[in-house]
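Q: I'd like to go over a predicted model; first the sequence, then the structure.
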Amino acid sequence: MIYLVGVTLLGILAILQSTIVSRMPLLNGTADLILLFILAWVLQDRVESAWQWSIIGGIFASLYSALPFGSYVIAYLIATSVTRMLKRRVWKAPFLAMLVATFIGTLIVYLVSLIARSISGVNIPMTSALNLILLPGLLLNLILAIPVYSIVHDLAGWLYPEELEA
Amino acid sequence: MKTNSPQSIQLIVILLVALGLIGLALSGYLTPVSRILVNPVVKAQTWLAKRYQAIQSLITQPEDVNTLRHKNLELEAENSGLQVQIIELQQQVTEAQLLSTLVDYERRHVDNQYIAASVIARDISPFMHFVIIDRGSDNGLRKGMPVITQQGLVGNITAVTAGAARVQLINDPGSSINVILQQSEVEGVVKGQITGEIKLDMVSKSATIQPGELVLTSGLGGKYPENIVIGQVVTIRSDAYSLFQSASVQPAVDFSQLDIVLIITNFQSEDISPLVPGPSTP
């Protein structure tokens, strides 16, 4: 049930990302809904399927991107592992954790993308990438981080209902 | 008998003297005398007039400067208006040239076969300038087929599935196209930029290129058919220490508004990558 919901949701997010969000850039940077959703999912208390969701999200993202297949899977897995470490350290302030995770996760995804493009023979000037893609994309992700966290928190509450004490 | 009064006599004498002087003047006998008498008067008047004019100009000069400034502003405004008109006319000429080229292209390429496709998605990575179209191998699409719009070149197909295909846009940083400039017939390479712009590069320093020149595919390399419009040269850059000239190119196609594209299905690109010497080739 949980995986079915995950696959459906991440599939819908990938479609939204490629049809709508990619057409609304700030300079050249865009928000990454799939990343935000995965990071928010990782930060939920009772969630145990974070790794699986990051792999599913990565596969969907790879389908919609011309980056070498697997780049997004690797990027999302690294972002997930960092967020899990963060969750253990700042578990009392989930919104703060979400913002920090978004910041670090965005940097990881962009760094992996840059490395993947460099490996495929395309060198991208770092200054342009920083000014036109990374910073605007980071800003958009940080703006969307809290609303996404709230939605995912409600979803987690629905999928993992709290056990009533006898 | 009444005697003449001294006043009457004086008047008669004055009249006679005056008539005499007039007669002498008319007959030219008084010219040397008048010259002697008039010249100092003229000189004095000239001197005075010059001083007066100097003083007058000193007093009235600020007004003249203000008038000139106002006039200058009016002329500058008029000049700006005329420049705007010139730019508008140049744009109209440019558009007319572009349309003319497209019409010529259509006339010369009636043998091309096209399939229309809708753009259904964009690459989710901001580092990639790719789009996904809703036609695939089931519709006869193959990897390498050129994609165009009525404005010009869009890119080429890099991956195909049964019902969809991925198109690399010409403004992708990994895209490079051999081109020729229409007017000067200079050859170069158009490369995509991370900013979404395209840049003309590898133009010989000895070549003379002008802003506004149309950039067309040259057909070299077999990746694209020749004479497809790519854009127009905007600004030219030639550094003293660089081997080649470069220029920024305004693409003919607005990539942010791509909705429907045409795929040229009867052109199969040539893969010359095995012939390109790699870094390890001796």
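A: Received the coordinates, thanks. Numbers count the residues shown, from 1 in each chain, chains lettered A, B, ... in the order given.
Q: helix or strand for the residue most central in space within chain B, which one?
A: Taking CA atoms, centre = their mean, the centroid of chain B lies closest to B:Ile87, which sits 6.1 Å from it. B:Ile87 is part of helix B:31-108 when elements are defined by DSSP states H and E.
Q: Which residue ranges of the chain form helices?
A: No chain specified, so I'll use chain A. Remark: helices assigned in chain A by DSSP state H are A:2-19, A:33-42, A:50-63, A:71-89, A:94-119, A:126-128, A:135-159.
Q: hm, I was asking about chain B
A: Along chain B, counting by DSSP H, helices occupy B:6-27, B:31-108.
Q: which parts of the first one are buried?
A: The one in question is helix B:6-27. Within helix B:6-27, no residue counts as buried by 16 or more other CB atoms under 10 Å in any protein chain shown. Quick note: C-beta positions are derived from backbone N, CA and C, even for glycine.
Q: Local confidence estimate at the residue positioned nearest the centre of chain A?
A: By CA atoms, centre = their mean, chain A has its centre lying nearest to A:Leu35, at 1.0 Å. Among the per-residue scores, A:Leu35 holds a pLDDT of 95.
Q: and what of the one 5 residues further on?
A: For A:Ala40, the pLDDT comes out at 93.
Q: The closest residue to it other than its chain neighbours and chain B: what is the separation?
A: Using CB to CB, 6 or more residues apart in numbering or on different chains and skipping the chain neighbours, the partner closest in space to A:Ala40 is A:Val152 (3.7 Å). Here the criterion is CB to the nearest CB, to the nearest Å. By it, A:Val152 lies 19 Å from chain B.
Q: Same question for A:Ser49.
A: Distance from A:Ser49 to chain B, by CB to the nearest CB: 23 Å.
Q: pLDDT wise, what is B:Leu200 at?
A: 92.
Q: hang on, I meant B:Asn266
A: pLDDT for B:Asn266: 85.
Q: count of neighbours near it?
A: B:Asn266 has 11 neighbouring residues, counting by other CB atoms under 10 Å in any protein chain shown.
Q: again, but for B:Leu82
A: Per other CB under 10 Å, the neighbour tally for B:Leu82 reads 10.
Q: same deal with B:Asn178?
A: By the criterion of other CB under 10 Å, B:Asn178 has 18 neighbours.
Q: Spit out the contact partners of it.
A: Counting by CB atoms under 8 Å, 6 or more residues apart in numbering or on different chains, B:Asn178 touches B:Glu187, B:Gly188, B:Val189, B:Thr217, B:Ser218, B:Gly219, B:Leu220, B:Gly221, B:Lys223, B:Tyr224.
Q: wait, what's in contact with the nearest residue to the fifth one once chain neighbours are set aside?
A: Spatially, and ignoring its direct neighbours in sequence, B:Ser218 is nearest to B:Ile180 (4.1 Å; CB to CB, 6+ apart). Counting by CB under 8 Å, 6+ apart, B:Ile180 touches B:Val186, B:Glu187, B:Gly188, B:Val215, B:Leu216, B:Thr217, B:Ser218, B:Glu226.
Q: Please pick the buried ones from those.
A: When these are checked for burial by 16+ other CB under 10 Å, the buried set is B:Val186, B:Gly188, B:Val215, B:Leu216, B:Thr217, B:Ser218.
Q: Understood, closing this out.
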